[in-house]
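Q: Just a sequence and a predicted model for now, questions to come.
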Amino acid sequence: MPRRKKIIPKKVKGLKKPLQSPKGTKDILPEEQYLWDFVLNTSRKLCESFGYQKIETPILENTVLFERGVGMDTDIVEKEMYSFTTLGGDDLTLRPEGTAGIARAFIENGMARWPQPVKLYYEGPMFRYENPQAGRLREFHQFGFEILGESSAVIDAQMIYLARKIFNKLGLKDTIIQINSIGCLTCRSNYRNLLADYYKSKINKLCPDCRRRVTSNPLRLLDCKEEKCMQVAAMAPQILDYLCDDCHSHFKNVLEYLDSLELPYVLNQGLVRGLDYYTRTVFEICPSEEDMEARQSSLGGGGRYDNLVELLGGEPTPAVGFSFGIERVVEEIKKRDLVKKPKISRQVFIVQLGDLARKKSLKLFNTLMNSRVSVAESLGRGSIKSQLKMANKFNVKLSLIIGQKEALDETIIIRDMDSGIQEVVAMEKIVKEVKKRLGK
């Protein structure tokens, strides 16, 4: 067995400028966490009310999962995955999307034996190597939900209904549903050949990426946002004209179910989604009609993937799913100022002065917390004035002041922050007195 080369760490030199997060990543600061909590808690509750159960899959998956499941000719696999070979020789990839991992987990954990359909939801970071821009990062976060084991068109409609309901609950009530069918493997194959022939005749009018896709992935030509390619796509054959009878009937039923739910939608025959596993129904949700044609306007999308589980080695299993980018949804909520930041408030603030008082304050803090009184403090500060100023920021009703004298006398000064009236109370009676004044 060959000896592994010893790695000698380089000597760390002084930094010329402070380190920053890697390109395409960002910190989610405390001042924004309330929006993330709002989005995630709302989405979780709605999913659970619809019978979905939470699943967590690894951030790292075998590279072949995405090569086989997502498709070798997709942008994700061709140029966006973070892949590497481990010291043990395993080819792994930071997950660029969530559905392939869900399908793998479905097979590996024998979920085909569970009561069908299986309804799952997930959340977490995804990774794609691409040019960072508004609403698109190299590390981004998704919330998604999947139904595996049911082929009926009513499930497609229910999936769209839940997605729209989540956005409504988040305050995004004017979202637009775009929908299309890309058929099954049989009718889509015939359409792909027809589409490729059409685009070959227009090859000189296409952007470099689309010229390459003519032979590798002609469906993606319909989704290009380059102006000259959009003009060519406008005259391309329409896939709905070439659906087989079963796909046509399925899509017709989906639209009828949406009509029965009174969900407005826009038929977009250029909508194909960017992953090879999709079949039949595909859809996206945009923030508003004005934004619908914007390059990165989609908040989320999904569709059917009836062949993915079988493609990954499982039994034939129809499935449908949806996911949305949490960053994009949070930015849309911020843009519209839909959720106000909650004020931080406590019932009591402990003010202390001196080492002995600080020790007494630490014990008092613990006693009050155990008595279910919400407490704030600033033990590291020495000035009573600065501590009382901090107490005002927390909107407390009472401040408890312990100085050197109070610490020695085993007493505490209770200050009513509204009136400014102060009273000395024995330390052993403080919890009872605080609760009395708080009306507890």
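A: Great, that's in hand.
Q: tell me which element residue 360 is part of?
A: Per DSSP states H and E: residue 360 is located in helix 355-370.
Q: Counting by contacts, list what that helix packs against.
A: Judged by 3 or more Cβ pairs under 8 Å, 6 or more residues apart in numbering; DSSP states H and E, helix 355-370 is in contact with strand 348-352, strand 375-377, strand 398-402, helix 404-409, helix 430-438. No exception for glycine: its C-beta is placed from N, CA and C like everyone else's.
Q: Deepest-packed of the ones you listed, please.
A: strand 348-352 (a mean of 26; mean count of other Cβ atoms under 10 Å).
Q: any idea of the angle it forms with strand 398-402?
A: Strand 348-352 runs at 20 degrees relative to strand 398-402, counting by axes from the mean of the first three to the mean of the last three Cα atoms, to 10 degrees.
Q: For stretch 348-357, list the C-alpha coordinates in PDB.
A: Presented in PDB, the C-alpha positions along stretch 348-357 are these (Å, rounded to 0.1, in the frame of the first residue of the first chain):
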ATOM      1  CA  VAL A 348     -37.400  42.700  34.500                       C
ATOM      2  CA  PHE A 349     -33.900  44.100  34.100                       C
ATOM      3  CA  ILE A 350     -31.100  43.500  36.600                       C
ATOM      4  CA  VAL A 351     -28.800  46.500  37.300                       C
ATOM      5  CA  GLN A 352     -25.600  45.900  39.300                       C
ATOM      6  CA  LEU A 353     -22.500  47.800  40.400                       C
ATOM      7  CA  GLY A 354     -19.400  46.100  41.900                       C
ATOM      8  CA  ASP A 355     -18.000  42.600  42.000                       C
ATOM      9  CA  LEU A 356     -20.100  41.400  44.900                       C
ATOM     10  CA  ALA A 357     -23.200  42.800  43.400                       C
END
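Q: can you list contacts of that stretch?
A: Outside of stretch 348-357, the residues within contact range by Cβ atoms under 8 Å, 6 or more residues apart in numbering are 358, 360-361, 364-365, 368, 373-377, 379, 382, 384, 387-388, 390-391, 394, 396-404, 406-408, 415, 434, 438.
Q: again, 7 Å this time
A: 358, 361, 364-365, 368, 373, 375-377, 379, 382, 384, 387-388, 391, 394, 396, 398-404, 406-407, 434 (Cβ atoms under 7 Å, 6 or more residues apart in numbering).
Q: can you check stretch 207-218 too?
A: For stretch 207-218, using Cβ under 7 Å, 6+ apart, the contacting residues are 73-74, 192, 195-196, 199-200, 203, 220-221, 224, 226, 228-229.
Q: Tell me the one among those residues nearest to residue 312.
A: Nearest to residue 312 among those is residue 74, at 15.7 Å by Cβ to Cβ.
Q: which ones are touching the closest one?
A: With contact set as Cβ under 7 Å, 6+ apart, residue 74 has these partners: 217, 274-276.
Q: what would these look like in TSV with distance to residue 84, neighbour count and pLDDT?
A: Shown next, in TSV, are the contacts of residue 74 (distance: Cβ to Cβ, whole Å; neighbours: other Cβ atoms under 10 Å; pLDDT from 0 to 100):
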residue	distance to residue 84	neighbour count	pLDDT
217	25	22	77
274	23	16	74
275	22	23	82
276	23	22	83
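Q: which two in those are spaced the farthest apart?
A: The span of the contacts of residue 74, defined through Cβ to Cβ, is set by 217 and 275 at 10.5 Å.
Q: what comes up buried for the helix holding residue 360?
A: By neighbour count on 16 or more other Cβ atoms under 10 Å, the buried set for helix 355-370 is 357-358, 360-361, 364-365, 368.
Q: pretty sure residue 172 contacts residue 287?
A: Yes. Counting by Cβ atoms under 7 Å, residue 287 is a contact partner of residue 172 at 6.3 Å.
Q: Contacts made by whichever strand or helix holds residue 389 with the rest, please.
A: Assigned by DSSP H and E, residue 389 belongs to helix 384-393. Applying Cβ under 7 Å, 6+ apart, the contact partners of helix 384-393 are 349, 351, 353, 378, 381, 399, 417.
Q: Surely the last one and residue 397 touch.
A: Yes. With the criterion set as Cβ under 7 Å, residue 417 and residue 397 qualify as a contacting pair; they are 6.1 Å apart.
Q: Now do the same for residue 197: helix, strand or coil?
A: helix (DSSP: H, G, I helix; E, B strand; the rest coil).
Q: list the contacts for the spatially closest residue to residue 322 that is not a sequence neighbour?
A: Computed as Cβ to Cβ, 6 or more residues apart in numbering, the closest residue to residue 322 that is not its neighbour in sequence is residue 302, at 3.2 Å. Contacts for residue 302 were tallied using Cβ under 7 Å, 6+ apart; they are 159, 283, 321-323.
Q: what about 10 Å?
A: Contact analysis of residue 302 by Cβ atoms under 10 Å, 6 or more residues apart in numbering lists 99, 144-146, 156, 159-160, 163, 273, 278, 281-285, 320-324.
Q: One more: residue 128?
A: Per Cβ under 10 Å, 6+ apart, neighbours of residue 128: 24, 75-76, 79-82, 94-97, 136-140.
Q: try it again with 8 Å
A: Residues near residue 128 by Cβ under 8 Å, 6+ apart: 76, 80-82, 96, 138, 140.
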